[in-house]
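*Asks:* Pasting the sequence and the predicted coordinates here, then a few questions.
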Amino acid sequence: MDLELSELTTETRTLEEVGQFVEQVKNTDSGMIREWLESLVPGLLGFALQIVLAGAVYLIGSKLIKLARKILRRWLERTEADMGVRQFLDALLKYFSFSILVVIILTLFGVTTASVVAVVGSAGLTLGLALQGSLANFAGGVLIMLLKPFVVGDYIIEDSHGNEGTVAELSIFYTRLLTPDHKTIVIPNGSLANSSLTNVTHCEKRRVDLEVGIAYEADLKLAKDILRKLAEAETCRLPKEELQVFVSELGASEVKLGLRIWVSTEDYWDAKWRLTEQVKLAFDEAGIEIPYTKIDVQMRQ
């Protein structure tokens, strides 16, 4: 009986010791966690302050960049620079300014400018290989801006792929064309700088070339007189420029007549379409035949 009582006392004492140990551990863990959280507070407050400061720097920097771009655009307008130069320099200032702003924000988080320069320098070769297409487009944009094979508003035809349209925007990497049916074509500047293209509207005037064939039996002199009268009556014709009516070719089944007049560039298509219709109506009225391909079909029963 005394032995059992002694064992029970020992077990009770052991349980009390375990409880005290667990309580000490709880108190210790709570204290350590509390101390750890308290040590994090200054760091979190500092990081939050850095984020707020970075946000403020970004907002202020964005406003300053917007103001600088506005000043640049006004200066270019006063110097009467063409629209392509304005768009190119505006985009260049935008990308350069935001790059500087990003570097400034990184320095707020402890990244030094020397580190950024070192990283960019060490990665220069890799970036150059990865972005060689973009760098070529940038160089092409600079060449286009300096040599001015076209400006914003010109109608151009890219001879390599047959893309054509009115130049709507000249950016630092791409040129955007607007087709007559309002489709947008984006062409890399590198392609435009390294390939041939046709600038349709660069000059103030264009020559309308019209060819029409008549039958060998038709009155040649009458046909030429009709063409000359129609050309002289054309309202878009530039009267000081030369007017030509001539026989261009003696074909296998027709005599080809040529008509040439000069018009303003913006009147080219209206004059060409109008003259083509008037020639057909006038020849029909005068009984002058315009040959066309005929096919004789024989039916066998």
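*Replies:* Thanks, I have it.
*Asks:* Lys204 reaches Ser264, doesn't it?
*Replies:* One correction, residue 204 is Glu, not Lys. Yes - between Glu204 and Ser264 there is a contact under CB atoms under 8 Å: 6.7 Å. Where you see a C-beta, it was placed from the backbone N, CA and C, and this is true even at glycine.
*Asks:* If you count surrounding residues, which of the two has more?
*Replies:* Set Glu204 next to Ser264 and count neighbours by other CB atoms under 10 Å: Ser264 wins out with 15 against 9.
*Asks:* what sits against the more buried one?
*Replies:* 204-206, 236, 238 (CB atoms under 8 Å, 6 or more residues apart in numbering).
*Asks:* And the helices in this protein, which stretches?
*Replies:* 2-78, 83-108, 113-122, 124-130, 132-147, 189-193, 220-233, 268-286 (DSSP state H).
*Asks:* Can you flag the weakest of those by average pLDDT?
*Replies:* Mean pLDDT per stretch puts helix 124-130 lowest among the helices of the chain, at a mean of 54.
*Asks:* rewinding a little: could you redo the contacts of Ser264 as TSV and give each row pLDDT and distance to Leu76?
*Replies:* Shown next, in TSV, are those (pLDDT from 0 to 100; distance: CB to CB, whole Å):
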residue	pLDDT	distance to Leu76
Glu204	90	24
Lys205	92	29
Arg206	93	30
Cys236	92	34
Leu238	93	33
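*Asks:* In ChimeraX, how would I select just the buried ones from the residues you listed?
*Replies:* In ChimeraX, this line selects whichever of the contacts of Ser264 come out buried by 16 or more other CB atoms under 10 Å:
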select :206,236,238
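*Asks:* Which pair of the contacts of Ser264 spans the longest distance?
*Replies:* Distances among these were taken as CB to CB; the most separated pair is Glu204 and Cys236, at 13.3 Å.
*Asks:* What count of nearby residues applies to the nearest residue to Leu230 once chain neighbours are set aside?
*Replies:* Closest residue to Leu230 apart from its sequence neighbours, by CB to CB, 6 or more residues apart in numbering: Gln278 at 5.2 Å. Around Gln278 there are 17 other residues, counting by other CB under 10 Å.
*Asks:* So Gln278 sits against Ala231, correct?
*Replies:* No - the pair Gln278 and Ala231 fails to qualify as a contact (CB under 8 Å) at a distance of 9.7 Å.
*Asks:* how close does the closest residue to Ser62 other than its chain neighbours get to Ala56?
*Replies:* Nearest non-adjacent residue to Ser62, counting by CB to CB, 6+ apart: Leu101, 7.6 Å away. To Ala56, Leu101 is 12 Å away according to CB to CB, to the nearest Å.
*Asks:* Could you check which of the two is surrounded by more residues?
*Replies:* The neighbour count for Leu101 versus Ala56, taken as other CB under 10 Å, is higher for Leu101 (17 against 11).
*Asks:* give me every residue that touches that one.
*Replies:* Per CB under 8 Å, 6+ apart, neighbours of Leu101: 57-58, 61-62, 65.
*Asks:* now that we're looking at Phe283, which residues does it contact?
*Replies:* Phe283 sits next to 212, 214, 223, 226, 289-290 when contact means CB under 8 Å, 6+ apart.
*Asks:* redo that, cut-off 7 Å
*Replies:* 226, 290 (CB atoms under 7 Å, 6 or more residues apart in numbering).
*Asks:* One more: Gly258?
*Replies:* 211, 246, 248.
*Asks:* quick one: pLDDT of the nearest residue to it once chain neighbours are set aside?
*Replies:* Excluding the flanking residues, the one nearest Gly258 by CB to CB, 6+ apart is Ser248, at 4.0 Å. Among the per-residue scores, Ser248 shows a pLDDT of 93.
*Asks:* Check the one 4 residues further on too.
*Replies:* pLDDT, the model's per-residue confidence, is 86 for Ala252.
*Asks:* how close does it get to Ala215?
*Replies:* Taking CB to CB, one finds Ala252 at 12 Å from Ala215.
*Asks:* Could you check which of those two has the larger neighbour count?
*Replies:* Applying other CB under 10 Å to Ala252 and Ala215 shows that Ala215 carries more neighbours, namely 13 against 6.
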